[in-house]
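Participant: Sharing a model that was predicted from the sequence below.
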Amino acid sequence: MSETSILPSEPTPELTRTPAFEARLKRRYAAERRFRLAGLGAILFSLAVLLFLLVTMTMNGIGGFQRVTLDVPIRFSQADLSLPPATNNLGVAIRSLEDQGLPEVIHAEAARVLGEDAADELSPDAWRIVAEEIIDDPSMLGRDVELALPTSANLSAALSGDGHAELQPLARRLSEQGVLADRFDPGFLTRSDATDSQLAGIWGALKGSILTMLVTLLLAFPIGVLAALYLEEYAPRNRWTDLIEVSINNLAAVPSIIFGLLGLAVFLALFPSLRSAPLIGGMTLALMTMPVIVISGRNAVKAVPPSIRAGAMALGASPIQVVFHHVLPLALPGILTGTIIGMARALGETAPLLMIGMRAFVATPPDGLTDPATVLPVQIFLWSDEIDRGFVERTSAAIIVLLLFLLVMNGIAIYLRNRFEKTW
Amino acid sequence: MVTDLTSNKAPKMRARDVSVFYGTKKAVDSVSIDIHTDYVTAFIGPSGCGKSTFLRSFNRMNDTIGNARVDGCIELDGEDIYKSGMDVVQLRARVGMVFQKPNPFPKSIYENVAYGPRIHGFAQGKAEMDEIVERSLRRAGLWDEVKDRLPDSGTALSGGQQQRLCIARAIAVEPEVILMDEPASALDPIATAKIEELIDELRGRYAIIIVTHSMQQAARVSQRTAFFHLGHLVEYGETSQIFTTPRETRTQDYITGRYG
């Protein structure tokens, strides 16, 4: 080996200092600039679409968090009403008040102050709200109070100016008196579905979603993680494991309605009494979520450096110690990412739940995993079908609740992921 | 060929006619060798000669490679480590290993060292564990550099420190044999010198086998050298003899840089 051959050879100005080279260089920079602009454009376009979505949703949805109420002064001191002695049963107390003529008292009082036509447009269920307030505060019965009571859907529509022209003069008069207004309605978050948009709430569907997601997570996460760990760490590589891998990949791509049919054919056939229950919904969605967790989990487990496994094994760690002390903690962030994706998809899923009867009209929130329930996306789907203008706004409000739920769920998962994230 | 160097003590580990196959490919061909606690033994040879594969059969790390198969017999204190019923976990606690690339766990420095003793249940209570960690780090020559930052991540150390941490981790379980697979090949000369110094200090306490690509390193740290070529053990003897008067021409050619 001669000494000169390893020295850099003389630069060749003929090649790199020609106008042709500089022109080529310019073209290369131009290509780079174009690429950068295209990428930036793509980002801006996505942001614009997202912003448009959020803005329209919020604009429409704000109305859904409000309802039209009428201020009605009620002189309970003049009425002869009393609560039944010491009863814990809400239904009995309400029925007793109804029997004593509470609805008529309210109607008469409203008619006295605001006119017969206004009293007729109180929500037919307004007296129930009064009854519940009386039960909360029985001393009210001796006093004169002013209560904000929901109006009928028709008067509500008249106030906002769409439809019911015959009620619009009344709406204008009451609104000028300052007794009729669209007010923030915190009850939207605590009530359940109703046929009257003025009385509809989202809590039933929200609770149904929470219970369903809980079942999905408790089933899909452990099964998915165990399957991923077994396939990566223990299973031999042969035709059977290849077959399983292909099947799981295919399962992740199956249209969601098929899982609904499966839930209908298998789970509901096994437990026919659990139609519409979050338990069955969660099991069906778990079938759909599990393959996503398995696939992301396998990739995360595969990405754990073999040197870490070898290091632990060389110290005499048993295979299960290698998995639980090293592989799983390092793979957890990746597994959680897959879980976020799978759970977000399950949360927004409507089709499979329609198949197992979770589209029923459920006016009381589910008390447990086996009570009939509906979930947020199904509730949105059902409300969007209604003609009533009030439900249009409620639909947008429900979408906001769904998006916030998604945000909270993902926020928790991302927090957990960052806690487990290790750097090396 | 049985290469037994005369020694008054029984060898710590003894390999007899060991062949290692990857599928149908024979990576190590019928090698026999004795390893003593008193010496550092170096395995040298060109890339792909089977020395690392052979090293990994001493603590059965080849088991983790799906299609690897080991024939022949390797004994630790006269007990065949490939016999059925041999406990691999116990074997690896007795035969520690340090890898080519430093591979500290992404945990604290303390946890890295404490991990082995913890899984084997060597320490009762925190005080005893603290003692093991300090002793191991001192023996690995790392204590003074890290004593104030034990809760820091082991991966935040420099490459040379990481490798010494891995050595501390290995000796924390008090092994009888330490296998080192090119422990300094990813390190700069200063870190390498520290590792070599450390190997010299550990000699006599543990039987040490070191695989290295650097002839100078083998000459500096080892007392016995085995030269491998194409899966065969070509020559095994005292390091000074191998480097000054090799018996085989292939050894001569390799150490004088004619190939490899």
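Facilitator: That came in fine, so what should we check first? Numbering: from 1, shown residues only, chains lettered A, B, ... in the order given.
Participant: Run a quick neighbour tally on A:S46.
Facilitator: 10 (other C-beta atoms under 10 Å in any protein chain shown). The C-beta positions use only the backbone N, C-alpha and C, and glycine is treated the same way.
Participant: And for B:G116?
Facilitator: Neighbour number of B:G116 under other C-beta under 10 Å is 27.
Participant: Can you confirm whether whichever strand or helix holds it lies near chain A?
Facilitator: Element membership of B:G116 [criterion: DSSP states H and E] is helix B:109-120. Yes - for helix B:109-120 and chain A, the contact criterion (C-beta under 8 Å from any C-beta of the partner chain) is met by B:Y115, B:G116, B:I119, B:H120.
Participant: Could you export these as CSV, including pLDDT?
Facilitator: Shown next, in CSV, are the residues of helix B:109-120 next to chain A (pLDDT from 0 to 100):
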residue, pLDDT
B:Y115, 94
B:G116, 93
B:I119, 93
B:H120, 92
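Participant: Which residue is the nearest non-sequential neighbour of A:L217?
Facilitator: The shortest distance from A:L217 to any non-neighbouring residue, by C-beta to C-beta, 6 or more residues apart in numbering or on different chains, is to A:M343 (6.5 Å).
Participant: element containing that neighbour?
Facilitator: Going by DSSP H and E, A:M343 is in helix A:328-347.
Participant: Any buried residues in that helix, and which?
Facilitator: A:328-344, A:346-347 (16 or more other C-beta atoms under 10 Å in any protein chain shown).
Participant: cool, and stretch B:182-197?
Facilitator: For stretch B:182-197, by 16+ other C-beta under 10 Å, it's B:E182, B:P183, B:A184, B:A186, B:L187, B:A191, B:T192, B:K194, B:I195, B:E196.
Participant: So which bits of the stretch 51-200 of chain B are right by chain A?
Facilitator: Close to chain A, as judged by C-beta under 8 Å from any C-beta, the stretch 51-200 of chain B has residues B:59, B:61, B:64, B:66, B:89-93, B:96-97, B:99, B:101, B:103-106, B:115-116, B:119-120, B:153, B:155, B:166, B:169-170, B:173.
Participant: Kindly recompute the last result at 7 Å.
Facilitator: Taking C-beta under 7 Å from any C-beta of the partner chain as the criterion, the stretch 51-200 of chain B approaches chain A at residues B:59, B:61, B:64, B:66, B:89, B:92-93, B:96-97, B:99, B:101, B:103, B:105-106, B:115-116, B:119-120, B:155, B:169, B:173.
Participant: rewinding a little: isn't the residue nearest to A:L217 right up against A:M288?
Facilitator: No - contact criterion C-beta atoms under 7 Å: A:M343 and A:M288 do not qualify, at 10.4 Å.
Participant: and the gap between the residue nearest to A:R275 when sequence neighbours are not counted and A:A194?
Facilitator: In space, and not counting its chain neighbours, A:R275 is closest to A:G357: 4.3 Å by C-beta to C-beta, 6+ apart. According to C-beta to C-beta, to the nearest Å, A:G357 stands 20 Å off from A:A194.
Participant: May I have the secondary structure class of B:G237?
Facilitator: Following DSSP: H, G, I helix; E, B strand; the rest coil, the label given to B:G237 is strand.
Participant: The one 10 residues further on too?
Facilitator: The three-state label given to B:R247 by three-state DSSP is coil.
Participant: Spit out the contact partners of it.
Facilitator: Neighbouring residues of B:R247 by C-beta atoms under 7 Å, 6 or more residues apart in numbering or on different chains: B:E235.
Participant: tell me the domain boundaries of chain A?
Facilitator: With domains defined by automatic domain parsing, chain A comprises A:63-184, A:203-420.
Participant: longest strand anywhere in chain A?
Facilitator: strand A:66-75 (DSSP state E).
Participant: in the following helix or strand past that strand, what's buried?
Facilitator: Per DSSP H and E, the first helix or strand lying C-terminal to strand A:66-75 is helix A:90-99. By 16+ other C-beta under 10 Å, the buried positions in helix A:90-99 come out as A:A93, A:I94, A:S96, A:L97.
Participant: do the same with stretch A:28-46
Facilitator: Per 16+ other C-beta under 10 Å, stretch A:28-46 contains no buried residues.
Participant: Contacts for stretch A:327-346, please.
Facilitator: A:213, A:216-217, A:220-221, A:225, A:229, A:233, A:285, A:288-289, A:292-293, A:295-297, A:299-301, A:303-304, A:308-309, A:406, A:409-410, A:413, A:416-417, A:420-422, B:106.
Participant: How far away from the center of its chain is that stretch?
Facilitator: Offset of stretch A:327-346 from its chain centre (C-alpha atoms, centre = their mean, to the nearest Å): 19 Å.
Participant: For chain A, state which of the buried residues of stretch B:182-197 is nearest.
Facilitator: B:A186 (11.4 Å; C-beta to the nearest C-beta).
Participant: Does that closest one belong to a helix, a strand or coil?
Facilitator: coil.
Participant: my guess is it contacts B:K101, does it?
Facilitator: Yes - using C-beta under 7 Å, B:A186 is in contact with B:K101, at 5.4 Å.
Participant: What is the end-to-end distance of stretch A:348-364?
Facilitator: 22 Å (C-alpha to C-alpha, to the nearest Å).
Participant: for the chain, which spans come out with low pLDDT?
Facilitator: No chain was given, so I picked chain A. A:1-13, A:86-87, A:422-424 (pLDDT under 70).
Participant: ah, I was thinking of chain B
Facilitator: In chain B, residues with pLDDT under 70: B:1-8, B:259-260.
Participant: try 80
Facilitator: B:1-9, B:66, B:258-260 (pLDDT under 80).
Participant: burial count for the residue of the stretch 151-300 of chain A found nearest chain B?
Facilitator: As assessed by C-beta to the nearest C-beta, chain B sits closest to A:R237 within the stretch 151-300 of chain A, at 6.8 Å. Counted with other C-beta under 10 Å, the neighbours of A:R237 add up to 11.
Participant: Quick one: residues contacting B:R224.
Facilitator: Counted by C-beta under 7 Å, 6+ apart, B:R224 has contacts B:L5, B:Y39, B:T41, B:E238, B:T239.
Participant: how about a cut-off of 10 Å?
Facilitator: B:3, B:5, B:33-36, B:38-43, B:209, B:218, B:236-239, B:241-242 (C-beta atoms under 10 Å, 6 or more residues apart in numbering or on different chains).
Participant: Type out the PyMOL command that picks the buried ones from the residues you listed.
Facilitator: Buried members of these, defined by 16+ other C-beta under 10 Å, are picked up in PyMOL with:
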select buried, chain B and resi 33+34+35+36+39+40+41+42+43+209+218+236+237+239+242
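Participant: Okay, and which of the contacts of B:R224 map to helices?
Facilitator: B:A218, B:T239, B:Q241, B:I242 (DSSP state H).
Participant: and the closest residue to the last one other than its chain neighbours, what helix or strand is that in?
Facilitator: Read it as B:I242. Using C-beta to C-beta, 6+ apart and skipping the chain neighbours, the partner closest in space to B:I242 is B:T225 (4.4 Å). Here B:T225, judged by DSSP H and E, is contained in strand B:224-229.
Participant: Adjacent strands (with direction) for that strand?
Facilitator: strand B:40-44 (parallel), strand B:232-238 (antiparallel) (DSSP bridges).
Participant: So which residues of chain B form helices?
Facilitator: Under DSSP H, chain B gives helices at B:51-56, B:88-94, B:109-120, B:125-139, B:143-146, B:159-171, B:189-202, B:215-221, B:239-244, B:249-255.
Participant: Quick one: classify A:V254 as helix, strand or coil.
Facilitator: coil.
Participant: Can you list the buried residues in stretch B:20-32?
Facilitator: B:V20, B:F21, B:K26, B:A27, B:V28, B:D29, B:V31, B:S32.
Participant: Return the set of residues that bridge with the second one.
Facilitator: Same thing as B:F21. B:K26, B:R69.
Participant: That one: what's it in contact with?
Facilitator: Applying C-beta under 10 Å, 6+ apart, the residues near B:F21 are B:A27, B:V28, B:D29, B:T53, B:N62, B:N67, B:A68, B:R69, B:V70, B:D71.
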